[in-house]
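need a structure here:
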Amino acid sequence: MKLYAISDLHVSWPANRQALADVPDHGDDWLILAGDVGETVDHLELAFRALTPRFQRLLWVPGNHELWTLPNDPRGLRGEAKYRALVALCREYDVLTPEDPYVLWHGEGQSCLLVPIFSLYDYTFRPGHVPPEQATSWARQAGLVCTDELLLHPDPYPSREAWCDARCRLTEERLSRLPSTQPLVLISHFPLHEDLVRLPLIPRFSIWCGTRRTADWHRRYKTAVAVSGHLHMRATDWRDGVRFEEVSLGYPSQWNRRRGIEGYLREILPGPAPREAAASPYCRHDAGSPGQG
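Down below sits the predicted model:
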């Protein structure tokens, strides 16, 4: 009984959707879906129909794409209402979400509490000389405008930053009540730490990649593994004795279809043995083509 993770399935792409149907039966294994399964409630349901029969349990956290409101979506749900509709669908399929009690992992590897997180971003992954109100203009100078600016609505919050703040405060309150002796697996779509955002071709896209509010969570709360996606740059890193796993699949051009989705499932638990403290800070970088999450 192992714990696997993958993110950024992007099932709106036919090649990704077709490959999803070929994932084999995993019996008692669990699977983390770390966001960006698709853009609509129907996309998420398509993935659940394919994967719930093949894994004992699924866990899901939202990515930015799931929170989009597409112009042709008949539901027209925005912001918090869209998120709540996705959570409601998860409950129909018995999929764990950031709104559920954290569950204890009793499979292979160490016993850990599995912590799905919805944190969003607040444009703080930027250089110190760039004022907050100029973050998007700074990115636009490099020709970058994230689609979130058009499709990810924060309703009823006044801004994405305010929504991010509310989600971080909620998560910190829950984490602070946990026993300090129990190791955690922190599961987020967005990287918890700014220095894990390595986008050499589009470095200014960083402002849409997370929040500095989460930078010390792996130290403040006893963490064994932190799982994230969004970057489409698969990697395993170690910080302060904690393993960080970026588990994206990505768009069809960013993964090898001969390997299939099965070849990109990342084993979270039991996972690899801890590296020595003297090891390189970037222990493995199994990169796809850089691209926006």
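
just the strands in the protein please.
Per DSSP state E, the chain carries strands over the ranges 3-6, 30-33, 57-60, 103-105, 112-116, 184-187, 223-228, 235-239, 242-246, 266-269.

is it possible to export the ones you listed to CSV including distance to L144?
The way it works is simple: take the backbone N, C-alpha and C, and place the C-beta from them, glycine included. CSV is the format used below for those (distance: least, CB to CB, whole Å):
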stretch, distance to L144
strand 3-6, 26
strand 30-33, 27
strand 57-60, 28
strand 103-105, 38
strand 112-116, 29
strand 184-187, 27
strand 223-228, 20
strand 235-239, 21
strand 242-246, 20
strand 266-269, 28
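
distance to T147, mean pLDDT and mean neighbour count added to those, as TSV?
Putting the strands of the chain into TSV (distance: least, CB to CB, whole Å; pLDDT from 0 to 100; neighbours: other CB atoms under 10 Å) gives the following:
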stretch	distance to T147	mean pLDDT	mean neighbour count
strand 3-6	22	98	23
strand 30-33	21	98	26
strand 57-60	21	98	23
strand 103-105	33	97	15
strand 112-116	24	98	24
strand 184-187	24	98	26
strand 223-228	19	98	27
strand 235-239	24	96	19
strand 242-246	21	97	23
strand 266-269	26	97	21
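
please identify which of those is closest to G260.
strand 3-6 (11.6 Å; CB to CB).

show residues contacting the closest one.
The contact list for strand 3-6 (CB atoms under 8 Å, 6 or more residues apart in numbering) reads 26, 29-34, 55, 105, 107-109, 114, 185, 187, 227, 229, 245, 247-249, 261, 264-269.

got it, and stretch 146-163?
Under the criterion CB under 8 Å, 6+ apart, residues 64, 67-70, 78-81, 120-123, 136, 139, 166, 205, 208, 292 lie in contact with stretch 146-163.

in the chain, where is pLDDT below threshold?
Residues of the chain meeting the criterion pLDDT under 70: 274-293.

for the longest helix along it, C-alpha coordinates in PDB please.
Assignment by DSSP state H gives helix 160-176 as the longest helix of the chain. C-alpha atoms of helix 160-176 as PDB (Å, rounded to 0.1, in the frame of the first residue of the first chain):
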ATOM      1  CA  ARG A 160      -6.800  37.000  -5.000                       C
ATOM      2  CA  GLU A 161      -4.500  38.300  -2.400                       C
ATOM      3  CA  ALA A 162      -7.300  38.500   0.100                       C
ATOM      4  CA  TRP A 163      -8.500  35.000  -0.800                       C
ATOM      5  CA  CYS A 164      -5.000  33.700  -0.300                       C
ATOM      6  CA  ASP A 165      -4.700  35.400   3.100                       C
ATOM      7  CA  ALA A 166      -8.000  33.900   4.200                       C
ATOM      8  CA  ARG A 167      -6.900  30.400   3.100                       C
ATOM      9  CA  CYS A 168      -3.500  30.700   4.700                       C
ATOM     10  CA  ARG A 169      -5.000  31.900   8.000                       C
ATOM     11  CA  LEU A 170      -7.500  29.000   8.000                       C
ATOM     12  CA  THR A 171      -4.700  26.500   7.300                       C
ATOM     13  CA  GLU A 172      -2.400  27.900   9.900                       C
ATOM     14  CA  GLU A 173      -5.100  27.700  12.500                       C
ATOM     15  CA  ARG A 174      -5.700  24.000  11.700                       C
ATOM     16  CA  LEU A 175      -2.000  23.100  11.600                       C
ATOM     17  CA  SER A 176      -1.300  24.900  14.900                       C
END
